[in-house]
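S.K.: A predicted structure for the sequence below; I have some questions about it.
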Amino acid sequence: MQMKNGDELDLAGGQGETINVAITQGAGNVTINYVLNGKTWGGGSFQLDRGVAPVFKLLVQTIYKTQTGGNCEITVTGDQGGDVSVHDEFQSPGETFDAAMYTFVIQ
Amino acid sequence: MPQCTPSSFSKSLMFALTFSGILLGSIAAQTPAPASPQGAATQTDAKPIPELQGQISNLLGEITAKFSDLKKKEDQEKTGKSLEDLARTALGEVLNPRHAIPQYAVILADPAAAAAARTLKIEADESRVDKQIGSTSSGSGSTSLTSHGSVPAILGFAVENGGLQRSVSGTTITFRARPVQVIQALQRTPFDNAYSLIEKNGSIGLLNRFSFAVSFDTSRGNSSGTFTGSTNQVSAFTTTVDIYNHRDPRDKRNAGQWTSFQNGVGNQLAHSLYDAYGFLTDATSPFKKPFDAWLAETISALVPPLAEGRDNDFSAALASRVSLFPPVPPGLQYADPLLKQLALNLEAMQSARQNIFTYVAKSPILTFEYTDNVAAKASSGQMQLPDNSNFKLIFEKGLNGGGSFTSNFSATIFNSKPTGVVANQLRDLQASFQVDIPVNTSFPKLGNVVASLSGKYEHIPSDSFVGMVQGVTPITSDATLKGNLGIGQAKITFPVKGSGVKIPLSITWANRTELIKEKDVRGNIGITFDMDTIISKLKQ
């Protein structure tokens, strides 16, 4: 898996590559919801497959259990090596949720 | 009659402000993302910070952080990129809907609020009413008749001038800390790791129940009226133990509620965000063209202030660009149900989340507090009283509407019973209650004002000096005269919005003081610093 233009949400992977998504810090601060290619997803890992979609889209939503100071770290890796994507979310006062849309172009 | 002493108070205040600057500088340099684990739970905010404001604050932080990262990288790699190039790259990445989908979703859900975005300002919340930051009620400068059950998670300190039950008013400076979380903050332990460690590790969890405070009476010592920090100004050491306190929404007792929330409204909102991303980026979306045009203009408008480091101009320009977000043309078949569902799901999530906070905020708190009161040193010719120990049980319960009810029960004993000085080892028995009600004001510069009413009863079983004759026996201000005290207090606490600073003003009526059997009416003023709020604000 590679990051494009240094952007940790703009990713590319090989056909059949298994992508692993983990909350590596702050899991207790937030509730996490995933939507993968338009469907509710339970987290963990999935396989890139051109037959499903040419570009996989994964929305990771974090809703904060705190009123301020919440944070979490999302780490995405591929089983064929390459880059490790680390994305941090920080809560500002008044902010109840965050979200990040990962896109995976299948090369 | 009010008994404030402006000169001593202002000196103490100056010290406190100076100290806060040093402390803030120290903590800001050492810890990247501390926050308020305890403070997170009990929001009683009548005027919550708008979601859009929080989202713009977040965007601001992300852009500046990205720009800073790119500058560091350029300094190392020397690729010849200008600051404008780096600013454009940072803006292009962070404002891309991949990163900024929450911000765009909030704007799309409430276009009217977005149109008024240029009036928004970053601010922090400090509406909790259940934190005890100042001294306990027996202190010479206390403004609190009844102690609250929880204390700041990391650090807090207070300067208070007045006096509630003593015969002499004074100025007390109190420093409070919860050592486990202070150490974690200084060790740069990430916020969640710190909380997980406390919740999972029984020993650390047990230690985290303890907090400590030391109070200084500025009227003591050689430089009366000036805070010197010397040991002869120490007036009390306090240890507080949380017996029952589950006012953290992340507490495992609330896991079931969060799971239902996640599977219900959380999941619905996630799908709406996914759809909103498509609305902004899909080639077939009718909104893609106006959005792309707005995004290009926004990046161009923000590059100069970001590259030139004009922070105020940059945040103003960002808010201004948000207010110019393109309106969605009415009647779009594709857009109408999507945006309507987004607005409904966002509102449903916020409402359900607030319900969990409200539920948690009503959870009772039971706290034990031990205070070792250091007796004032007797001057020549006066009789010296021994130190005394106060054992206090504090119960607090949240009320509907965001207020709280607190009650205290305590007993005080002399630590020793010198022959011919103390007649009875039991100094006093006390019971008190307090009701705190947040008041919604129309002053935008103020945070949430809290009005409090409290009452206290104190029974003194005997005179503190054997054979004391009022007005004749030369005694210190700690002395007490047998009898019963009734004290009532009305207090109003003004927060300085977004600063973590609160100013309590109160008026207290008593049927007598501990030493003088005459009616007494006093005014009290204080200033408290809640470092939880201040530290969390440093993250922005």
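M.R.: Structure received. Residues are numbered from 1 along each chain as shown, chains lettered A, B, ... in the order given.
S.K.: in chain A, what residue is nearest chain B?
M.R.: residue A:69 (2.3 Å; C-beta to the nearest C-beta). Any C-beta I mention is one placed from the backbone N, CA and C, and that applies to glycine too.
S.K.: and that residue, how many neighbours?
M.R.: The local packing of residue A:69 (other C-beta atoms under 10 Å in any protein chain shown) involves 27 other residues.
S.K.: report pLDDT for it.
M.R.: In the predicted model, residue A:69 carries a pLDDT score of 77.
S.K.: now residue B:456
M.R.: Here the pLDDT value assigned to residue B:456 is 93.
S.K.: helix/strand/coil for it?
M.R.: Using DSSP: H, G, I helix; E, B strand; the rest coil, the three-state assignment for residue B:456 comes out as strand.
S.K.: what bridges to the residue nearest to it when sequence neighbours are not counted?
M.R.: Sequence neighbours aside, residue B:432 is the residue nearest to residue B:456 in space, at 3.8 Å (criterion: C-beta to C-beta, 6 or more residues apart in numbering or on different chains). Bridge pairing for residue B:432 (DSSP bridges) gives the partners residue B:408, residue B:456.
S.K.: also residue A:103?
M.R.: According to DSSP bridges, residue A:10, residue A:57 are recorded as the beta-bridge partners of residue A:103.
S.K.: surely it touches residue A:11?
M.R.: Yes. Taking C-beta atoms under 8 Å as the definition, residue A:103 is a contact partner of residue A:11 at 6.6 Å.
S.K.: which of the two has more neighbours?
M.R.: When residue A:103 is set against residue A:11 and neighbours are counted by other C-beta under 10 Å, the residue ahead is residue A:11, at 24 against 17.
S.K.: confidence score at the closest residue to the more buried one other than its chain neighbours?
M.R.: In space, not counting the residues next to it along the chain, residue A:11 is nearest to residue A:104; the distance is 4.9 Å by C-beta to C-beta, 6+ apart. On pLDDT, residue A:104 comes in at 98.
S.K.: any idea where the strands of the chain begin and end?
M.R.: Went with chain A since none was named. Assigned by DSSP state E, chain A shows strands spanning A:2-4, A:7-13, A:18-25, A:30-36, A:39-41, A:44-47, A:55-64, A:71-78, A:85-90, A:97-106.
S.K.: try chain B instead
M.R.: Assignment of strands within chain B using DSSP E yields the ranges B:155-162, B:170-177, B:210-217, B:234-245, B:365-373, B:388-398, B:404-414, B:426-439, B:449-460, B:483-496, B:501-510, B:520-530.
S.K.: which of those has the lowest average pLDDT?
M.R.: Across those, strand B:155-162 has the smallest mean pLDDT, namely a mean of 56.
S.K.: what's the closest of the strands of chain B to residue A:21?
M.R.: Closest approach to residue A:21 among these is made by strand B:234-245 (34.6 Å; C-beta to C-beta).
S.K.: just list whatever residues bridge to residue B:237.
M.R.: When bridges are taken as DSSP bridges, the partners of residue B:237 come out as residue B:214, residue B:372.
S.K.: does residue A:70 really touch residue A:91, like I thought?
M.R.: Yes. Between residue A:70 and residue A:91 a contact is recorded at 3.8 Å, counting by C-beta under 8 Å.
S.K.: any common contacting residues for these two?
M.R.: A:29, A:64 (C-beta atoms under 8 Å, 6 or more residues apart in numbering or on different chains).
S.K.: show the average pLDDT along stretch B:100-112.
M.R.: Rounded mean pLDDT across stretch B:100-112 is 93.
S.K.: thinking again about what came up before, which of the strands of chain B is buried the deepest?
M.R.: For the strands of chain B, average neighbour numbers computed from mean count of other C-beta atoms under 10 Å in any protein chain shown are highest in strand B:155-162, which has a mean of 27.
S.K.: now the stretch 51-200 of chain B against chain A: closest residue?
M.R.: When you check the stretch 51-200 of chain B against chain A by C-beta to the nearest C-beta, the closest residue turns out to be residue B:54, at 2.9 Å.
S.K.: ok, that residue - contacts?
M.R.: A:91, A:92, A:93, A:94, A:95, A:96.
S.K.: so, low pLDDT: which residues of the stretch 201-350 of chain B?
M.R.: In the predicted model of the stretch 201-350 of chain B, residues B:222-225, B:229 satisfy pLDDT under 70.
S.K.: buried stuff in stretch A:95-107?
M.R.: Of all the residues in stretch A:95-107, those buried under the rule 16 or more other C-beta atoms under 10 Å in any protein chain shown are A:95, A:96, A:97, A:98, A:99, A:100, A:101, A:102, A:103, A:104, A:106.
S.K.: ok, these vs residue B:268, which is closest?
M.R.: Set against residue B:268, the nearest of the buried residues of stretch A:95-107 by C-beta to C-beta is residue A:97 (12.3 Å).
S.K.: could you find the closest non-adjacent residue to the closest one?
M.R.: Setting aside the residues directly before and after it, residue A:97 is nearest to residue A:63 in space (C-beta to C-beta, 6+ apart), at 4.5 Å.
S.K.: off-centre distance for stretch B:290-297?
M.R.: Going by C-alpha atoms, centre = their mean, to the nearest Å, the spacing between the C-alpha centre of stretch B:290-297 and its chain's C-alpha centre is 40 Å.
S.K.: residues making contact with that stretch?
M.R.: Judged by C-beta under 8 Å, 6+ apart, the contacts made with stretch B:290-297 from elsewhere in the structure are B:95, B:280, B:321, B:324, B:325, B:326.
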